[in-house]
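[1] Build me a structure from this.
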Amino acid sequence: MAATQDAAAARQPELHRSIGRFQLFAYTLGGMLGAGIYGLVGRAAGDLGNAVWLGFAVAMVAALLTGLSYASIGSRYPRAGGAAYVTQRAYGMRLLSWMVGLAVMASGLTSVATQSRVVAANLLSLFPLGAPPVVVALGFLLLVAGVVFRGIRESMAVNVLCTLVEFCGLVFIIVVGIPYWGGVDLLVTPSPEGISASLLLSGAILTFFAFIGFEDSLNVAEECKDAARTVPFGIVGAMLAATVLYMAVAVTAVSVVPFGELATAPSPLAAVTAVAAPWFPGWGYVAITVFAVANTALLNYVTASRLAFGMARDGLLPEALGRVHPGTRTPHVAIGVLFVVLVALVLAGDIGQLASATVLLLLAVFTVVNGALLVLQRRAGEPRGGFEVPSFVPAAGAVVCLVLLGNRVATGDWRAPALAGVILLVILGLFFLLRPRALARGA
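    Next comes the predicted model:
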């Protein structure tokens with residue numbers, strides 16, 4: 001029986017290894033930039049004042065610890081379904097691997113559904129066609145599903161285009177704001193105590209979420225050429241590039257608009273543009289937002305489909321989800337099944353709270369994955385990758401993520417942690433209902 005299954009698996013077409021270094025760099029950068037930075041600068045300025053740029057610097061150090069762990073894992077084990085796979089390989093616990101994989105997938109799917117509605121709202125503001133927003137959202141979702149099904153090359157090409165638009169939008173802010181640099185003291189804060197460790201920590205906790213998105217790259221590692229070098233380059237390079245962009249945008253924003261006004265502005269960077277480049281049309285930001293949000297939806301769809309494919313191949317999800325289309329070399333069954341789930345989520349209405357809860361779950365996943373790398377580093381016989389990090393990196397990354405998770409639960413809105421708990425209970429219930437098998441540890 002086992003021999004028959006192995007023979008069938010050998011006849012299955014494989015995912016297409018076509019992603020180069022620049023493409024993965026754009027994939028990772030696009031996943032982090034998104035549209036969040038356009039509002040996050042204002043919220044962070046309310047906490048840190050003119051020193052908001054320092055918050056991004058500290059957050060980068062915290063996020064880079066986990067980013068380095070993911071880069072090392074991708075170079076060691078370039079497989080779809082990365083987080084679930086390394087969890088199973090390290091701990092050999094089906095339940096934990098299942099919960100990690102489904103938590104990441106839930107985060108991706110709720111993001112796609114949320115972004116589909118945002119794209120619809122922005123498109124209708126640009127082109128008031130009179131169509132119901134939900135119809136536009138479903139049309140957009142169908143278009144994204146078509147791109148993801150068509151192939152990884154096509155998905156990467158669309159991502160490069162969207163990432164370029166996002167990048168140029170932020171660079172535009174910096175360029176028009178540079179004449180204002182030097183006009184304010186960049187160390188002034190709202191706190192009478194000035195810059196303190198607690199102030200920086202609170203700012204870093206807020207800005208840390210601007211770096212979430214790097215983890216998506218692990219799920220396309222199997223489709224990378226020379227993954228041992230491509231994955232580390234893409235993840236680390238994109239995180240450093242995003243940090244430079246974020247810090248420059250932050251300096252520009254507080255230099256052009258007083259941080260108090262920035263914190264209360266509905267669209268902080270639009271307020272910056274209104275002062276620094278009043279000639280720039282208002283619809284320009286709407287167009288940039290469409291590209292940014294559409295890119296986030298595309299990347300999360302790709303990630304979720306590869307995660308489902310990898311988990312199916314490793315025995316954690318139904319075997320059919322592990323099939324690859326012989327023509328497009330994409331996991332077509334997983335893409336189709338996820339499309340049905342996404343349609344249901346879009347039709348469910350506003351799931352903003354659900355999306356916030358699943359993002360919170362990512363911190364728990366980061367903690368588990370950092371721990372998994374630590375276990376695998378210490379296990380004799382484990383293959384080494386093209387990018388190794390010392391053990392203190394995953395150890396520190398796990399601690400940082402635990403601290404951020406604890407702080408978020410203790411000080412944030414209670415609804416997101418409560419909903420995250422409900423999601424975990426649902427995932428747990430599905431495990432006992434479906435009773436997934438799993439490959440042996442280290443398989």
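[2] Spatially, which residue comes closest to the one residue sitting closest to the centre of the chain, not counting chain neighbours?
    By C-alpha atoms, centre = their mean, the chain has its centre lying nearest to G213, at 2.1 Å. Leaving aside its chain neighbours, G213 sits nearest to G31 (3.1 Å; criterion: C-beta to C-beta, 6 or more residues apart in numbering). To be clear about C-beta, it is placed using only N, CA and C from the backbone, and glycine gets the same treatment.
[3] quick one: which helix or strand includes the one you found?
    According to DSSP states H and E, G31 maps onto helix 21-33.
[4] low-scoring stretches of this protein, by residue?
    Low-confidence segments of the chain (pLDDT under 70): 1-11, 35-36, 412, 438-443.
[5] longest helix anywhere in it?
    If you go by DSSP state H, the chain has its longest helix at helix 94-126.
[6] buried set for that helix?
    By neighbour count on 16 or more other C-beta atoms under 10 Å, the buried set for helix 94-126 is 94, 96-124.
[7] burial of the residue nearest to G213, as a residue count?
    26 (other C-beta atoms under 10 Å).
[8] so it makes contact with L299?
    Yes. With contact defined as C-beta atoms under 8 Å, G31 reaches L299; the gap is 4.9 Å.
[9] Now for these two: what residues contact both?
    G213, D216 (C-beta atoms under 8 Å, 6 or more residues apart in numbering).
[10] got the contact list for V58?
    Applying C-beta under 8 Å, 6+ apart, the residues contacting V58 are L200, L201, G203, A204, T207.
[11] Quick one: residues contacting V86.
    V86 touches I73, Y77, V369, A372, L373, L376, counting by C-beta under 8 Å, 6+ apart.
[12] Equivalent analysis for F208, please.
    When contacts are taken as C-beta under 8 Å, 6+ apart, F208 is in contact with A59, A62, A63, L404.
[13] any idea how far the second one is from P258?
    Shown here: A62 relative to P258, a distance of 28 Å by C-beta to C-beta, to the nearest Å.
[14] rewinding a little: quick check: the residue nearest to the centre of the chain touching L299?
    Yes. If you go by C-beta under 8 Å, G213 and L299 touch, sitting 7.4 Å apart.
[15] between these two, what contacts are shared?
    Contacts common to G213 and L299, judged by C-beta under 8 Å, 6+ apart, are G30, G31.
[16] Could you give the secondary structure assignment for G381?
    Using DSSP: H, G, I helix; E, B strand; the rest coil, the secondary structure recorded for G381 is coil.
[17] Look up how far R89 lies from it.
    In this view, G381 and R89 are 12 Å apart by C-beta to C-beta.
[18] hmm, back to that, between A62 and P258, who's got more neighbours?
    Neighbour totals were compared for A62 and P258, and A62 leads with 22 against 13 (other C-beta under 10 Å).
[19] Remind me which helix or strand that one belongs to.
    Using DSSP H and E, A62 sits within helix 52-76.
[20] Give me the next element, helix or strand, following the helix or strand harbouring S198.
    Element membership for S198, per DSSP H and E: helix 197-208. Toward the C-terminus, helix 197-208 is succeeded by helix 227-256 as the next helix or strand (DSSP H and E).
[21] Go through that next one and flag the buried ones.
    So, applying 16+ other C-beta under 10 Å, buried residues of helix 227-256: 227-228, 230-239, 241-243, 245-256.
[22] what's the angle from it to helix 21-33?
    On the basis of axes from the mean of the first three to the mean of the last three C-alpha atoms, to 10 degrees, helix 227-256 is oriented at 40 degrees to helix 21-33.
[23] Most neighbours out of the contacts of F208, which is it?
    Of all these, A63 has the most neighbours under the rule other C-beta under 10 Å, reaching 29 neighbours.
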